[in-house]
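S.K.: how would this look folded up:
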Amino acid sequence: MFRNTAALVDCDILTDNIRNIRENYEYEYYIGVVKANAYGHGDYVVGSLIRGGVNYLAASSLEECLSVRKRNSDIPILCLEPINVEYLDICAENNITITIPDIDYYREMRGGVALKAHIKIDCGMNRLGFKDKHELKKVVDDIGDRGDLQLEGIYTHFATSGIQDKHWDNNLKNFCEITSLIELTKIPIVHLGRSLTMVNHDKIPFANGIRIGIVMYGFDNKMQEPTGLRALKKKLLLKKYNISQTRLTNSLHLKTAFSLRSEIMSIKRVNKGERIGYGAEYEAKDNILIGVVPVGFADGFLPGNNGRYVKINQKRYEIVGGIGMDMTIVKIDESVKVHDTAILYDDIREAAAYMGINSYRLLTSVTNRVPRIYKEGDKFTEIKY
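M.R.: Model (predicted):
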């Protein structure tokens with residue numbers, strides 16, 4: 001770490017989050033979603049997730065799955081996107097479970113290698129998956145006659161969380177209709193939902209698996225129950241559109257494990273009336289002191305709304321002059337010294353609100369220019385990309 005800029009990831013928090021999830025929600029398969037470099041946390045955290053109780057993993061591409069496989073040789077990994085059939089032998093060699101998204105893909109598959117597969121159902125998102133129940137039955141029946149392919153699972157992805165709309169209910173109804181000609185009970189793993197499905201809805205009776213993504217990393221999706229007129233409006237909306245009951249609160253006690261840190265690289269004095277930063281956008285109203293921090297939007301520290309700050313020695317300092325590609329300028333005081341630690345953010349929710357984006361985008365925006373430092377008890381491990 002040459003410029004003292006890194007993301008600190010507390011692995012013990014991730015382990016505790018998984019344990020807390022398992023205490024509150026009962027499934028047979030807890031499928032930890034580690035796509036996008038484990039939501040920016042890095043593949044290194046795989047061991048911490050497994051220690052907490054994740055017993056299956058999922059990623060988006062074969063590249064991601066193979067990267068995750070290097071961290072653990074045994075746990076099954078589902079690739080959520082279809083893999084070009086010419087690479088299915090690589091999947092077999094590395095115990096990567098494939099997704100079958102439609103009948104055309106199935107027809108392209110060549111026999112000869114032993115594979116596990118999950119079938120994707122399109123219940124209303126219109127992205128990937130079977131929409132025709134007869135095509136689905138044909139493929140399921142044909143797999144049953146093969147010796148090289150094991151139908152291990154079936155799943156879907158809901159378009160919304162269904163809190164104030166009918167889409168979730170319609171998606172679930174569509175899933176049941178599309179799968180009506182096959183016996184779900186004969187398929188070992190049925191996973192329909194994700195983090196928001198888990199916390200906002202009752203468990204779907206025939207689902208024995210749940211894909212947990214953002215919730216593992218400390219986001220429990222708790223919301224305030226509406227009161228007064230807002231509560232009445234919600235009640236009328238649910239009744240009017242016959243929307244199933246959802247929960248806005250839950251019993252989870254989760255923490256975020258990710259923080260972005262750097263240091264004060266340089267300090268200088270700026271006189272009243274002088275301008276700071278690109279475009280000379282900030283004018284000093286008085287004689288001030290500024291500190292330069294070696295981190296910028298190329299690292300994933302994104303420009304955003306007004307009111308941004310950096311925390312130094314437990315005190316908040318205003319960002320002035322905007323955020324550059326590689327450096328950020330902060331208005332400081334005499335107590336701040338060169339090499340003092342600058343915490344760009346340690347609360348992802350708050351930082352995302354400042355930047356005007358959601359937490360998913362913020363976490364996955366931190367680039368591989370930024371080393372990850374992993375805390376496990378008293379041990380710290382640095383991973384450079």
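S.K.: use CA for all of it now, contacts and neighbours both
M.R.: Noted.
S.K.: ok, and the helix or strand in the protein with the lowest average confidence?
M.R.: Least confident helix or strand of the chain, by mean pLDDT, DSSP states H and E, is helix 228-240 with a mean of 79.
S.K.: what does it rub up against?
M.R.: Helix 228-240 is contacted from outside by 164, 225-226, 243-245, using C-alpha atoms under 8 Å, 6 or more residues apart in numbering.
S.K.: just the residues contacting whichever strand or helix holds Y105, thanks.
M.R.: Per DSSP states H and E: Y105 is located in helix 103-108. The contact list for helix 103-108 (C-alpha under 8 Å, 6+ apart) reads 85, 100, 130, 135-136, 139.
S.K.: same check, this time on stretch 122-140
M.R.: Outside stretch 122-140, the residues touching it (C-alpha under 8 Å, 6+ apart) are 100-103, 106, 119-121, 151, 156-159, 170-172, 174-175, 177-182.
S.K.: apply 6 Å and report the result again.
M.R.: Outside of stretch 122-140, the residues within contact range by C-alpha atoms under 6 Å, 6 or more residues apart in numbering are 101-102, 120-121, 159, 171, 174-175, 178, 182.
S.K.: how about these in JSON lines, adding pLDDT?
M.R.: Below are the contacts of stretch 122-140 laid out as JSON lines (pLDDT from 0 to 100):
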{"residue": "P101", "pLDDT": "98"}
{"residue": "D102", "pLDDT": "98"}
{"residue": "K120", "pLDDT": "98"}
{"residue": "I121", "pLDDT": "98"}
{"residue": "A159", "pLDDT": "93"}
{"residue": "N171", "pLDDT": "96"}
{"residue": "N174", "pLDDT": "97"}
{"residue": "F175", "pLDDT": "98"}
{"residue": "I178", "pLDDT": "98"}
{"residue": "I182", "pLDDT": "98"}
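S.K.: ok, which pair from those is furthest apart?
M.R.: Greatest spatial distance in the contacts of stretch 122-140: A159 and I182, 23.3 Å, computed using C-alpha to C-alpha.
S.K.: doesn't Y317 fall inside a helix?
M.R.: No - secondary structure of Y317 (DSSP: H, G, I helix; E, B strand; the rest coil): strand, not part of a helix.
S.K.: neighbours around it, how many?
M.R.: 20 (other C-alpha atoms under 10 Å).
S.K.: do a quick rundown of the helices in this structure.
M.R.: Secondary structure of the chain (DSSP state H): helices located at 11-24, 35-39, 46-52, 62-69, 88-93, 103-108, 133-144, 167-178, 195-200, 228-240, 348-355, 359-365.
S.K.: reformat these into CSV and put mean neighbour count and distance to S335 next to each item.
M.R.: Shown next, in CSV, are the helices of the chain (neighbours: other C-alpha atoms under 10 Å; distance: least, C-alpha to C-alpha, whole Å):
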stretch, mean neighbour count, distance to S335
helix 11-24, 20, 32
helix 35-39, 21, 36
helix 46-52, 20, 38
helix 62-69, 19, 44
helix 88-93, 17, 56
helix 103-108, 12, 63
helix 133-144, 16, 67
helix 167-178, 18, 53
helix 195-200, 22, 43
helix 228-240, 12, 47
helix 348-355, 18, 24
helix 359-365, 18, 30
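S.K.: lowest-confidence stretch among those?
M.R.: Set side by side, those give their lowest mean pLDDT on helix 228-240, at a mean of 79.
S.K.: centre of the chain to it, how far?
M.R.: Chain-centre distance of helix 228-240: 31 Å, with C-alpha atoms, centre = their mean, to the nearest Å.
S.K.: what sits closest to T5 if chain neighbours are left out?
M.R.: S262 (4.1 Å; C-alpha to C-alpha, 6 or more residues apart in numbering).
S.K.: my guess is the one you found contacts Y345. True?
M.R.: No - the pair S262 and Y345 fails to qualify as a contact (C-alpha atoms under 6 Å) at a distance of 10.1 Å.
S.K.: tell me which of the helices of the chain sits nearest to I332.
M.R.: Between the helices of the chain, helix 348-355 lies closest to I332; by C-alpha to C-alpha that is 19.6 Å.
S.K.: now that closest one: how far from the chain's centre is it?
M.R.: 15 Å.
S.K.: what do you get for stretch 358-375?
M.R.: The answer for stretch 358-375 is 11 Å, by C-alpha atoms, centre = their mean.
S.K.: and stretch 166-176, by the same measure?
M.R.: 23 Å.
S.K.: give me the contact list for stretch 197-215.
M.R.: Against stretch 197-215 from outside (C-alpha under 6 Å, 6+ apart): 27-33, 190-191, 193-195, 246-247.
S.K.: need the distance between the two termini of it.
M.R.: Between the start and the finish of stretch 197-215 there is a gap of 11 Å, counting by C-alpha to C-alpha, to the nearest Å.
S.K.: again with stretch 351-365
M.R.: Stretch 351-365 end-to-end distance (C-alpha to C-alpha) = 12 Å.
S.K.: now swap in stretch 290-297 and tell me
M.R.: First-to-last residue span, stretch 290-297, C-alpha to C-alpha: 19 Å.
S.K.: same thing with stretch 151-164?
M.R.: 35 Å.
S.K.: for that stretch, which outside residues touch it?
M.R.: Contacts for stretch 151-164 (C-alpha under 6 Å, 6+ apart): 117-121, 125, 168, 187-192.
S.K.: ok, which pair from those is furthest apart?
M.R.: A117 and W168 (25.3 Å).
S.K.: V9: neighbouring residues, count only.
M.R.: V9 has 25 nearby residues by other C-alpha under 10 Å.
S.K.: then the helix holding Y105 to PDB, C-alphas only?
M.R.: Presented in PDB, the C-alpha positions along helix 103-108 are these (Å, rounded to 0.1, in the frame of the first residue of the first chain):
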ATOM      1  CA  ILE A 103     -34.800 -24.300 -24.400                       C
ATOM      2  CA  ASP A 104     -32.500 -23.000 -27.100                       C
ATOM      3  CA  TYR A 105     -29.500 -23.000 -24.800                       C
ATOM      4  CA  TYR A 106     -30.300 -26.500 -23.600                       C
ATOM      5  CA  ARG A 107     -30.400 -27.700 -27.200                       C
ATOM      6  CA  GLU A 108     -26.900 -26.300 -27.800                       C
END
